[in-house]
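Participant: predicted model follows, preceded by the sequence.
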Amino acid sequence: MPEGDTVYRAAARLRRALAGQLLVKTDFRVPALATVDFSGRTVSGVRSRGKHLLVDVESDDKPISIHSHLGMDGAWDIYDRDARWRRPGFKARVVLVTESTQCVGFDLPVLELLTDADAALNYLGPDLLGSDWNATQTISRIAAQPDTPIGVALLDQRLMAGVGNVYRSEICFLRGVLPSRPVRDVDIGPMVELSRKLLYANRDRVERVTTGNTRRGQQLWVYGRRSQPCRRCGNLIVRDTMGESGMERVVYFCPTCQI
């Protein structure tokens, strides 16, 4: 599931493939961008901002950013120039081709062009993996929502950018806090610190690990472990949903270890 660490890794891979390279062909497979052609332009950079990914392209005026969001199922793949794709072609939303490489964005729910990406994404909170990370500001933003369940606050990208469904469950478990507990009853500082620590530790890993155990099936404490024994107390993990109406997301927790 793409969260801040996943997007960070995707940006790093694309940066190695595209940054400083001349685009010889581009193919945007969404109606709004069907006539866009960036061939002959140079990619000036690739960066992540929370769960958002930006490919900056030089222009005569000012840089244009190809903005994508992976959503639940999106992915960026990198292939040799003439290699066959590993995913079905009909799922491709954009293809960026250099002399030696082709980068393909599949199943991207958001794909658009931004002339001022920093301004467009200014609503996001501090990026847990960004150079602009600011723990004090993040704590202040979360504390300003005292009645909000902490499990909802952690997913609010306006407060802190990068945490998704997996980390939400894992962070709450490690802090011994039920996701439904209101922010006013939570020690926010250590929770923010843990969020940063977990994403930073996993930023270069393909398999996300929060337990310290990299063996398959042992990497996570509670997420995806409905009705399985808690790794600490042995009681069964509970699966529930929470969030605003129409935007509910699954959450996992131990009803014994978390209060």
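Facilitator: Yep, it's here.
Participant: helix or strand: which one has residue 6?
Facilitator: Residue 6 belongs to helix 4-18 when elements are defined using DSSP states H and E.
Participant: quick check: mean pLDDT of that helix?
Facilitator: Averaging pLDDT along helix 4-18 gives 97.
Participant: quick one: contacts of that helix?
Facilitator: Applying C-beta atoms under 8 Å, 6 or more residues apart in numbering, the contact partners of helix 4-18 are 2, 43, 45-48, 50-55, 70, 75-76, 78, 96, 98, 101, 103, 127-129, 161-164, 167, 199, 202-206, 208. To be clear about C-beta, it is placed using only N, CA and C from the backbone, and glycine gets the same treatment.
Participant: could you point out which element follows it?
Facilitator: strand 25-28.
Participant: and the helix or strand following that next one, what does it pack onto?
Facilitator: As assigned by DSSP H and E, the chain's next helix or strand after strand 25-28 is strand 43-49. Using 3 or more C-beta pairs under 8 Å, 6 or more residues apart in numbering; DSSP states H and E, the elements in contact with strand 43-49 are helix 4-18, strand 52-57.
Participant: could you say which of those is packed most deeply?
Facilitator: Of all the helices and strands packed on strand 43-49, strand 52-57 has the most neighbours on average by mean count of other C-beta atoms under 10 Å, namely a mean of 23.
Participant: packing partners of that strand?
Facilitator: Short answer (3+ C-beta pairs under 8 Å, 6+ apart): strand 52-57 packs on helix 4-18, strand 43-49, strand 64-69.
Participant: pLDDT at residue 248, what is it?
Facilitator: The model reports residue 248 with a pLDDT of 85.
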